[in-house]
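Asker: starting from these lines, generate the structure:
(chains A and B)
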Amino acid sequence: SQTIHQWPATLVQPVGSPLSLECTVEGTSNPNLYWYRQAAGRGLQLLFYSVGIGQISSEVPQNLSASRPQDRQFILSSKKLLLSDSGFYLCAWSTRPVSSYNSPLHFGNGTRLTVT
Amino acid sequence: GQQLNQSPQSMFIQEGEDVSMNCTSSSIFNTWLWYKQDPGEGPVLLIALYKAGELTSNGRLTAQFGITRKDSFLNISASIPSDVGIYFCAGQERNNNDMRFGAGTRLTVKP
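Answerer: From the prediction side, this is the model:
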């Protein structure tokens, strides 16, 4: 069965420090991978998605970047964190669309980032 | 950003009552999904809908894919305390690789 791992679970970082959040998926090949951010008490905002190694689509211009160095690894980074980067970051995966049918997203347990 | 309008934003109900929430979109969607999120965890898929008019049940949960393909609803019957959480709708356009989410419905169930 497929599993998704996301770490760390919580992180407190000072403003201006770098960030690296990692997500890995097991039990599937060639997944679509996603990074979402959820502000407190709000919905999910898509940040990045990737359909393959080295292929990154950005939804929102911002202080963050994403990379996919391996098929089942997705990394969210920042060179210098801002206070506004605080939030709950969720990694997700889905299988590639087959014909016209899309696959549901499956989420990790998230990383709670607090920038101080 | 979000392109789905989900309502209501929050609900406070008594245990045993039925719940209904819905989502509308300005776009035609090929897929509608409903998720539940418990505090501090990632959303978990409840129901996936792939055809206009499709009505699908998962235990006490029932969801429908609207005929216009621009809306969906989720019903929860005979609510129980563990139904507490945030429910999200999500939609995906045909052959699109990203999924759009509603803002969520926060459900509180009073014993």
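Asker: hey, what's residue B:63 bridged with?
Answerer: residue B:56, residue B:74 (DSSP bridges).
Asker: leaving out sequence neighbours, find the closest residue to the closest residue to chain B within chain A.
Answerer: Closest residue of chain A to chain B, C-beta to the nearest C-beta: residue A:107 (3.3 Å). C-beta: built from backbone N, CA, C; applies to glycine. Spatial nearest neighbour of residue A:107, excluding adjacent residues (C-beta to C-beta, 6 or more residues apart in numbering or on different chains): residue B:42 at 3.3 Å.
Asker: and stretch A:45-62, what's buried?
Answerer: Neighbour-count burial for stretch A:45-62 flags A:45, A:46, A:47, A:48, A:49, A:50, A:56 (criterion: 16 or more other C-beta atoms under 10 Å in any protein chain shown).
Asker: and that stretch, end to end?
Answerer: 12 Å (C-alpha to C-alpha, to the nearest Å).
Asker: rewinding a little: intersect the buried residues of stretch A:45-62 with the contacts of chain B.
Answerer: Intersecting the buried residues of stretch A:45-62 with the surroundings of chain B, defined as C-beta under 8 Å from any C-beta of the partner chain, gives A:45, A:46, A:49.
Asker: those in strands, which ones?
Answerer: A:45, A:46, A:49 (DSSP state E).
Asker: contacting residues for residue 6?
Answerer: Answering for chain A, as no chain was given. Residue A:6 makes contacts with A:21, A:22, A:23, A:90, A:91, A:108, A:109, A:110, A:111, B:42, as judged by C-beta atoms under 8 Å, 6 or more residues apart in numbering or on different chains.
Asker: meant chain B actually
Answerer: Residue B:6 neighbours (C-beta under 8 Å, 6+ apart): A:43, B:21, B:22, B:23, B:88, B:89, B:102, B:103, B:104, B:105.
Asker: what sits closest to it if chain neighbours are left out?
Answerer: Counting by C-beta to C-beta, 6+ apart, the nearest residue to residue B:6 once its immediate chain neighbours are dropped is residue B:102, at 2.9 Å.
Asker: take the buried residues of stretch A:45-62 and write them to TSV, including pLDDT.
Answerer: As requested, these are exported to TSV (pLDDT from 0 to 100):
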residue	pLDDT
A:45	87
A:46	87
A:47	92
A:48	92
A:49	89
A:50	92
A:56	92
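Asker: out of these, the closest to residue B:37 would be?
Answerer: When the buried residues of stretch A:45-62 are ranked by distance to residue B:37 (C-beta to C-beta), residue A:45 comes first, at 14.2 Å.
Asker: is the closest one in a bridge, and if so with what?
Answerer: Beta-bridge partners, per DSSP bridges, of residue A:45: residue A:37.
Asker: distance of the most centrally placed residue in chain A from residue A:27?
Answerer: The centroid of chain A falls nearest to residue A:35 when counting by C-alpha atoms, centre = their mean (2.5 Å). From residue A:35 over to residue A:27 the distance is 20 Å, taken as C-beta to C-beta, to the nearest Å.
Asker: picking that back up, quick one: which of the contacts of residue A:6 has the most company?
Answerer: Neighbour counts for the contacts of residue A:6 (other C-beta atoms under 10 Å in any protein chain shown) peak at residue A:91, which has 30 neighbours.
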